[in-house]
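Chemist: Got a predicted model here, sequence first, then my questions.
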Amino acid sequence: MPDPLSSERAHLAASRAALRAMREDVQALDIRDVTANWVNAAVLSAQIEERIKALADLSHTPLFFGRLDYLRTTQEGQSFYIGRRHVHDADGDPMVVDWRAPVSQPFYRASKKDPRDVALRRRFGYTGGELTAYEDEHLSDPAEEERASKLLQAEIERPRVGPMRDIVATIQPEQDEIVRSGLSGSVCVQGGPGTGKTAVGLHRVAYLLYAHRERLARTGTLVIGPNRSFLHYIEQVLPALGELEVRQATVDDLVATRVEVRGADEAAAALVKGDARMAEVLRRAVRSHVTLPTEPLMVVRGSRRWRVPAYELEEIVAELLDRDIRYGAARDALPQRIAHAVLVRMEQAGEAPDDRVQDAVARSAAVKAVVKAVWPAVDPAKLVLRLLSDAEFLAEHADGLLDEEERKAILWAKPPRSVKSARWSAADAVLIDEAADLVERTPSLGHVVLDEAQDLSPMQYRAVGRRCSTGSATVLGDLAQGTTPWATASWAEALAHLGKPDAVVEELTAGFRVPREVIAYASRLLPHMSPGLAEVRSVRESPGSLEIVPCGADDLAASVVAACRAALRHEGSIGLIAADARVPVLAEALREADLPWLSPGEETTAASRLTLVPASLAKGLEYDYVVMDEPAAIVDGEPDERTGLRRLYVALTRAVSGLTVLHAAPLPAQLG
């Protein structure tokens, strides 16, 4: 009887050969005989290039990671190899089944209690790209006890080097339920550190693209992250799953298309500008440009003159205002409404005007003059510039919404002369985006994933919601990790601002990344900053993963450097996390010690696996070993204690294998 490992290796080799053949078939296509013109040729050529990229065989990425053997009574007793993408042989028979296919679902959901007609589930272990081990579960055999998978645990604990990787081989049942939820509904995932919420969101995008490819190809998908470093960290996950067309951006990227962001707000100003009340201030300011007509309209057509009295023009304008449609759409409709009133008079006089006559009247100089006077064009950036520069204009439209102190907080002390000369802040760009949507509707995508959502302001939620107003959203975050002054208080409030109040809220509480000892230590902070949130239950036992090292004030930097050297003796990535104000000091200490280091977002190299991370940029990142400098400084670096404790909680939970905390000042009392 052949050795099972040898048989599986043979199937891997045959599958790789079949994938090569699939790729060669696409490369051999001759588009000259199937395209009518150069435009079609260019489109088809681009599609072929994308297909060739999608069929690439990544040598260090396992082509399949599992196998399902169904009972003889179902699926005709077939075996299916489960992998990142579909591979078929020359006859079209599947050699590897895409993990997103319905037949693959039991690989993630089946258990001894609910085997789902699976006789055998086999997991594979790899070293590099070579298949080196396998592990069997006989789910339908009552004599076999259910046990934890060692290969699954080893894959979860595999060292992290470089960008984030997919978790397709380790998706847990509760994660799989979220990943495979339908496109029509929005989902909000509350998850503590290490629960895999980011990976779940990315795999959900990949699943939706598989299940609804044609629809999402038309409407588009978007992944929104908190900063460029985070996006760089996750950017390889979807391509590894064969999805190359998903756009990734930050909220700032989305809204900074009309003005250049060159300035920054004080916390008090940013808090007011991010408040949802600003949406009503802007709505009032936009509508204030409309003035009711006081003079009649006279339209000359040939030898005839047609008069529309002022009261009738006023009724037309009032009706458009009452409909509360977008300012630009109403402005476009106004000349046609006025022209219709003229045509009614023509018909009453015995004429028979048609649509061409109405269009001609709508384009006439007299009607254009009325529209310009009554419903003038509005430039969103100029509108916001006036609001932030003109105290009287702001007071008029913020009456009953913002008090005097709040208005003072957002007014520019020295108003700029023009839109181009203004030093716009990120919050200003969001206001301009809101104003632009009041004028013209923002195009909607089919699906948006919003990660680290707990740090968004209500106005930022509205900006994201506009991008999926007719689509759905996957919202990912952890209320305990909110570190902005406007951090989300509850998901119900956030989802209302997003325009998705009916979204289903799911909570992930099982931790797969942070060792139990580390997450338990960090969770001491929860009652002091986010009471009521469930503590993460880590499945990873790693004794000795936490070390607290008191130091003298004079030798703290040297001790941190020594701890980094010790961490570098381990395999994997190393993160040195410190308060932003301490980063220059530690950078100089590393230079003096001739210890090369990277900045967040830079890929690890042979020269360095150590990244120096300001605490403000640590969110969403992970490292095999973390060295933390002076926790008290991280707390003190924030405007208030609660935000500081949340920042510290984020920093403490970036470690995958081990955490070393060094401090000269007393540790925050909340750590016990």
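Modeler: Ah, there it is.

Chemist: Can you show me the helices along the stretch 451-600 of the chain?
Modeler: Here the stretch 451-600 of the chain has its helices, by DSSP state H, counting those that start in this stretch, at 458-466, 491-498, 516-522, 526-529, 556-567, 583-592.

Chemist: hey, which of those is tucked in deepest?
Modeler: The highest mean neighbour count among the helices of the stretch 451-600 of the chain, using mean count of other Cβ atoms under 10 Å, belongs to helix 458-466: a mean of 23. No exception for glycine: its C-beta is placed from N, CA and C like everyone else's.

Chemist: Out of the helices of the stretch 451-600 of the chain, the one nearest residue 115 is which?
Modeler: Smallest distance to residue 115 across these (Cβ to Cβ): 29.8 Å, for helix 516-522.

Chemist: Give the other helices and strands that that closest one contacts.
Modeler: For helix 516-522, the packing partners by 3 or more Cβ pairs under 8 Å, 6 or more residues apart in numbering; DSSP states H and E come out as strand 537-538, strand 546-550, helix 641-652, strand 655-663.

Chemist: tell me which residues of the last one are tucked away?
Modeler: Of the residues in strand 655-663, those scored as buried under the neighbour-count criterion (16 or more other Cβ atoms under 10 Å) are 655-663.

Chemist: Could you provide the helices of the stretch 451-600 of the chain in a markdown table, with additional columns for distance to residue 99 and mean pLDDT?
Modeler: Formatted as a markdown table, the helices of the stretch 451-600 of the chain follow (distance: least, Cβ to Cβ, whole Å; pLDDT from 0 to 100):
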| stretch | distance to residue 99 | mean pLDDT |
| --- | --- | --- |
| helix 458-466 | 28 | 98 |
| helix 491-498 | 29 | 97 |
| helix 516-522 | 28 | 94 |
| helix 526-529 | 34 | 91 |
| helix 556-567 | 34 | 96 |
| helix 583-592 | 40 | 96 |
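
Chemist: nearest to residue 96, of the helices and strands packed on helix 516-522?
Modeler: When the helices and strands packed on helix 516-522 are compared by Cβ to Cβ, strand 655-663 sits nearest residue 96, at 28.8 Å.

Chemist: For the closest one, which strands pair with it and how are they oriented?
Modeler: Looking at strand 655-663 with DSSP bridges, its partner strands are strand 546-550 (parallel), strand 623-629 (parallel).

Chemist: Show me the one of these that comes nearest residue 402.
Modeler: Among the strands paired with strand 655-663, if distance is taken as Cβ to Cβ, the winner is strand 623-629, at 40.4 Å.

Chemist: List the buried residues for stretch 403-414?
Modeler: Residues of stretch 403-414 classed as buried: 406-407, 409-411 (neighbour count, 16+ other Cβ under 10 Å).

Chemist: oh, I was asking about stretch 297-309
Modeler: Quick answer for stretch 297-309 (16+ other Cβ under 10 Å): 297, 299, 306, 308.

Chemist: List the contacts of residue 277.
Modeler: Residue 277 makes contact with 398, 401-402, according to Cβ atoms under 8 Å, 6 or more residues apart in numbering.

Chemist: Could you identify which of the residues you listed has the most neighbours?
Modeler: Using other Cβ atoms under 10 Å as the neighbour test, these are led by residue 398, with 23 neighbours.

Chemist: isn't residue 617 right next to residue 600, touching?
Modeler: Yes - counting by Cβ atoms under 8 Å, residue 617 touches residue 600, with 4.8 Å between them.

Chemist: shared neighbours, these two?
Modeler: Contact with both residue 617 and residue 600 is made by residues residue 229, according to Cβ under 8 Å, 6+ apart.

Chemist: Out of the strands paired with strand 655-663, the one nearest residue 384 is which?
Modeler: Closest approach to residue 384 among these is made by strand 623-629 (40.5 Å; Cβ to Cβ).

Chemist: Buried residues in the very next helix or strand once past that closest one, which are they?
Modeler: Using DSSP states H and E, the next helix or strand after strand 623-629 towards the C-terminus is helix 631-636. Going by neighbour count (16+ other Cβ under 10 Å), the buried part of helix 631-636 is 631-635.

Chemist: could you say what helices and strands the host helix or strand of residue 248 packs with?
Modeler: Under the criterion of DSSP H and E, residue 248 resides in strand 247-250. Where contact means 3+ Cβ pairs under 8 Å, 6+ apart, strand 247-250 is packed against strand 221-225, helix 228-234.

Chemist: among those, where is the model least confident on average?
Modeler: Note on the helices and strands packed on strand 247-250: lowest mean pLDDT is at helix 228-234, with a mean of 86.

Chemist: Could you name the helices and strands sitting against that one?
Modeler: Applying 3+ Cβ pairs under 8 Å, 6+ apart, we find helix 228-234 packed against strand 221-225, strand 247-250.

Chemist: Report the distance from the helix or strand following that helix to the chain centre.
Modeler: Next helix or strand after helix 228-234 toward the C-terminus (DSSP H and E): helix 237-240. Using Cα atoms, centre = their mean, to the nearest Å, the distance from the centre of helix 237-240 to the centre of the chain it belongs to is 15 Å.

Chemist: Could you give the number of residues near the closest residue to residue 542 other than its chain neighbours?
Modeler: The spatial neighbour of residue 542 that comes closest, neighbours along the chain excluded (Cβ to Cβ, 6 or more residues apart in numbering), is residue 515 at 3.7 Å. Applying other Cβ under 10 Å, we find 25 other residues in the vicinity of residue 515.

Chemist: wait, what's in contact with the residue nearest the centre of the chain?
Modeler: With distances taken as Cα atoms, centre = their mean, residue 224 lies nearest the centre of the chain, 2.6 Å away. Residue 224 sits next to 248-251, 254, 448-451, 464 when contact means Cβ under 8 Å, 6+ apart.

Chemist: Make a PyMOL selection of the buried ones in these.
Modeler: Provided next is the PyMOL selection string for whichever of these are buried by 16+ other Cβ under 10 Å:
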select buried, resi 248+250+251+254+448+449+450+451+464
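
Chemist: Quickly list what residue 222 is bridged to.
Modeler: Beta-bridge partners recorded for residue 222 (DSSP bridges): residue 247, residue 448.

Chemist: I'd like to know how many residues surround it.
Modeler: 21.

Chemist: now do residue 311
Modeler: Neighbours around residue 311, by other Cβ under 10 Å: 11.
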